[in-house]
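[1] could you work out the structure for the sequence below:
(one chain, ligands or ions: 1)
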Amino acid sequence: MTDFAHTAILGAGTIGASWAALFLASGRSVTVYDPAASSDIAVRTYIDQAWHTMSDLGLTARGNPDRIAFVNTARDAVEGAGFVQENVPERLPIKHATFAEIEPALASDAIVASSASGLTLGQMQTGWDNPGRFILGHPFNPPHLIPLVEVMGNDQTDPDVVPAAEAFYEDIGKVTIRVKKEFPGHVANRLQAAVWREAIHLVQSGVASVGDVDKAMAAGPGLRWAVMGPTTLFGLGAGSGGLAAFCDHFSDTFNGWWEDLGTPELTPETSQMLVDGLADATNGTSVEQLAAERDAKIVRLQIALAHSGKGA
Ligand SMILES: NC(=O)c1ccc[n+]([C@@H]2O[C@H](COP(=O)([O-])OP(=O)(O)OC[C@H]3O[C@@H](n4cnc5c(N)ncnc54)[C@H](O)[C@@H]3O)[C@@H](O)[C@H]2O)c1
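    Coordinates of the predicted model:
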């Protein structure tokens, strides 16, 4: 298997800086390329802050935050790297230019994973002469805190590459799923989009306020979904008969609700309705305060899940 002791990060903004922190925490060395002025300072500052969080999660025992280097080209960054995580802006010409630049410099057994959220693997593969060792490794923001990575290869991918990438991600504390088919938004973002669509529909229909819809999610299904997925949970919803009994009992109910779900659009009016509703619900709490509360609670939740044998 490829030696992943040395890694590279291409593009070190929101996602790349967080991946860099996690790769370092796992004991890997990291070389970073980002053309932005002073990106080295920004990345080091980000890593300093992320290190405390990762320590609380028990992710830093093998790591050293100083094993990071910054270089002036993408090509230099991938020299000698076993695993390359690409996080350049979500624009196909930039992705293609990056792949064309690095391909001649890659080790023959290196794996390159793209963090792309919206572009498909197929679109990005056209930037390669040989895309056999190039895959999708889509994280959830921020990668050093949220375990999920969606991994995808296809018929152009060498057969050993997806399993090797999954093993790497799991070694650094991630939870992986395999995406088997190109679908815009992959899996987790589509699930979020489906739930948010109905949340907006409920507010637009006057059923509940923005604050109460959010409360209903966080205090109800959201708490259960941090532990198990919806199908597993519904399999526990009809006693010892399991999922078959649940489907039998509730098929009419769900089919009726599905018929009735809304299809709102994010127009300027909808957006203003949500902004006003959120302002009422959060009562002057700043975005920074809410983000800090979210991150602290996610860390505590993950520690609790780890102690019960689940999660990171
Ligand atoms: N932000 C998210 O929530 C999120 C979540 C999952 C995946 N992603 C994906 O991660 C990728 C990066 O997104 P982001 O949110 O970190 O964007 P970002 O704008 O925060 O960071 C992009 C970085 O790339 C740098 N850059 C610009 N041109 C470059 C080049 N030619 N080579 C190397 N670096 C270059 C920029 O200076 C910047 O620091 C995108 O494909 C995005 O879809 C984002």
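[2] now do the same contact list for the residue nearest to Ser39 when sequence neighbours are not counted.
    Excluding its sequence neighbours, the residue lying closest to Ser39 (Cβ to Cβ, 6 or more residues apart in numbering) is Ala12, at 5.5 Å. All C-beta spots, glycine's among them, are computed from the backbone N, C-alpha and C. For Ala12, the contacting residues are Ala20, Val32, Tyr33, Asp34, Ser39, Ala42, Val43, Asn87, by Cβ atoms under 8 Å, 6 or more residues apart in numbering.
[3] so for the last one, what's the pLDDT?
    Among the per-residue scores, Asn87 holds a pLDDT of 98.
[4] can you pull the contacts of it?
    Ile9, Leu10, Gly11, Ala12, Gly13, Ile15, Gly16, Trp19, Ser115.
[5] contact partners for Ala116?
    Going by Cβ under 8 Å, 6+ apart, Ala116 touches Glu86, Glu90, Lys95, Met124, Leu136, His138.
[6] count of neighbours near whichever residue of the chain sits closest to the ligand?
    The ligand sits closest to Gly13 of the chain, with a gap of 2.0 Å, by Cβ to the nearest ligand atom. Neighbours of Gly13 under the rule other Cβ atoms under 10 Å: 16.
[7] hang on, it packs against Asp34?
    Yes: counting by Cβ atoms under 8 Å, Asp34 is a contact partner of Gly13 at 7.2 Å.
[8] tell me the SS of Phe168?
    Put simply, Phe168 is helix when judged by DSSP: H, G, I helix; E, B strand; the rest coil.
[9] look up how far Ala113 lies from the residue lying closest to it once chain neighbours are set aside.
    Sequence neighbours aside, Phe4 is the residue nearest to Phe168 in space, at 5.1 Å (criterion: Cβ to Cβ, 6+ apart). Separation of Phe4 from Ala113 (Cβ to Cβ, to the nearest Å): 11 Å.
[10] who's more crowded, these two?
    Legend: neighbour count by other Cβ under 10 Å for Phe4 and Ala113, higher for Ala113 (26 against 20).
[11] confirm for me that Ala165 is in contact with Phe134.
    No: using Cβ under 8 Å, Ala165 makes no contact with Phe134, being 10.3 Å away.
[12] what is in contact with the two at once?
    Listed contacts common to Ala165 and Phe134 are Ile111, Ala113; contacts here mean Cβ under 8 Å, 6+ apart.
[13] local confidence estimate at the residue of the chain closest to the ligand?
    97.
[14] do the same with Ala312
    We have a pLDDT of 40 for Ala312.
[15] spell out which parts of the chain neighbour the ligand.
    Within the chain, the residues that sit near the ligand (Cβ under 6 Å from any ligand atom) are 10-16, 33-36, 39, 74, 87-90, 94, 98, 115-118, 138-139, 141.
[16] 8 Å - rerun?
    10-17, 33-36, 39, 74, 86-90, 94-95, 97-98, 114-119, 138-143 (Cβ under 8 Å from any ligand atom).
[17] are any of those residues buried, and which?
    For these, a neighbour count by 16 or more other Cβ atoms under 10 Å gives the buried set as 10-13, 15-17, 33-34, 39, 74, 86-88, 95, 98, 114-117, 138-140, 142-143.
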